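The following comprises the amino acid sequence and a computationally predicted model.
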Amino acid sequence: MLYDSYRDGYAATHNGALPGPDRFAYLALFATAHNEAEARRRGELVAGYLRTGANVYPPFKNPPGYFSVDDTARLMRGFTPERSFTKDKRVVDMRTASVQDLIDSC
């Protein structure tokens with residue numbers, strides 16, 4: 001699903017051209033263990049990264065060229081796009097999501 005969304009977005013902004021294999025990367029954050037309790041404990045550690053990873057010193061949040069002019073204007077107006085959803089279409093805010101919400105968004 002994520003791969004298809006990426007390809008569709010790339011094609012929409014590149015006149016229908018599909019991305020080559022050198023234009024795709026994905027970093028999955030996950031937790032695994034021998035039992036559910038330990039996996040969820042580890043999941044809380046991963047979620048802690050998601051909750052604090054965006055805490056960046058303001059001058060480094062938007063270096064020149066990082067976002068398009070349109071996206072920069074949207075961010076300056078306070079628009080932050082909904083990026084993650086659960087399978088039942090609920091919005092997941094990575095900064096506040098529970099471990100269960102994060103699991104449901106996979």
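Yes, it's here. Here the structure is a predicted model, which means the values were calculated and not measured. Residues are numbered from 1 along each chain as shown.

Can you report how many residues lie near R40?
By the criterion of other CB atoms under 10 Å, R40 has 15 neighbours. For every residue, glycine as well, the C-beta is placed using N, CA and C.

Correct me if wrong: it contacts V99.
Yes. Counting by CB atoms under 8 Å, V99 is a contact partner of R40 at 5.6 Å.

May I ask which helix or strand of the protein has the lowest mean pLDDT?
When the helices and strands of the chain are scored by mean pLDDT, DSSP states H and E, strand 84-85 comes last with a mean of 76.

pull the longest helix from this structure.
Secondary structure of the chain per DSSP state H: the longest helix is helix 36-52.

hmm, who's touching it?
Applying CB atoms under 8 Å, 6 or more residues apart in numbering, the contact partners of helix 36-52 are 29-33, 94-99, 102-103.

Could you point out the helix or strand that follows the least confident helix or strand of the chain?
Remark: after strand 84-85, the chain's next helix or strand is strand 91-92, criterion DSSP states H and E.
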